[in-house]
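Asks: give me a model of this one.
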Amino acid sequence: MGKRKRRALARHQDPAPAAAAAGSGPTAVRGALEGAAAGGPHRRRLATVGIVAVAIAAMAALMIGQIQPSTGSLTASAKPPHGKQLYEKYCVTCHGTDGRGVPGWKYQERAAPPLDSSAHAWHHDDAQLVRMILDKPAPDSVMPAWRGVLTREDALDIVAYVKSLWTPYIRANCQGAKHMNCMTHQ
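Replies: Model prediction:
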C-alpha cells in the first residue's frame, strides 16, 4: 500500500464514533453524532443519512402497523347470524346466495355487485356500508333505501354477515382505506 493510501485511510478512521457506536442508547448516538460533527462535512453527511434512514424506518413501521386488523370495527358487537337472516330476506334476490352476485354482473347495466371478496364491498368501511344499506349507494342506484324497514343495528348485522363472506386476509387487512394496500393480495 502506498503512502497516499495510508494517509487517506488514517484521515477517514476516527475511533470516537466507533467507540460510541459500540455502546447503546442515547449516549452511543450522541457520541456518534459528536464524532461525525468533529469529522468534517463527510461525517456530518453520513450522520444525516443515518438520521433520515431511522426516520424512514419509523414511518414504514407505522404504515405496516396500519395494515393490522381494526379494533374499532362498528360490527364488533353485531350479530352475523341475524344479519344472514336479514340478508336472505332483503338482499339475496339481487346480490345472490352467499354474496356471489349474479353471473356476468360486470357486463350488466346497473347490476348488483357480489358482496363476497370477489368484488369491491371490502373497499368500503363499516359506516359506508351501513349508509349504503339504509340510504342507497348512490341516488341513481336501483337498490332501494332500507331506512324505515331496517334499523341501524339491522344494517350492522348485515354488514357483519357480509364481512363473514370475505377471505380471512381481506377481512383482517384490507377493509376501507386500507384496500389500496391489498389490491394485489386478493
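Asks: quick one: the strands in this structure?
Replies: Assigned by DSSP state E, the strands in the chain number zero.
Asks: might one say that residue 112 is in contact with residue 137?
Replies: No: if you go by CB atoms under 8 Å, residue 112 and residue 137 don't touch, sitting 9.6 Å apart. C-betas here are computed from N, CA, C, even on glycine.
Asks: common neighbours of the two, please.
Replies: Common neighbours of residue 112 and residue 137 (criterion: CB atoms under 8 Å, 6 or more residues apart in numbering): residue 143.
Asks: okay, now the closest residue to residue 101 other than its chain neighbours: neighbour count?
Replies: For residue 101, ignoring the flanking residues on the chain, the nearest one in space by CB to CB, 6 or more residues apart in numbering is residue 114 at 3.1 Å. Neighbours of residue 114 under the rule other CB atoms under 10 Å: 21.
Asks: where's residue 162 relative to residue 118, distance?
Replies: Counting by CB to CB, to the nearest Å, the separation of residue 162 from residue 118 is 12 Å.
Asks: now do residue 95, the pLDDT please.
Replies: The model reports residue 95 with a pLDDT of 93.
Asks: repeat for residue 185
Replies: Residue 185 is given a pLDDT of 51.
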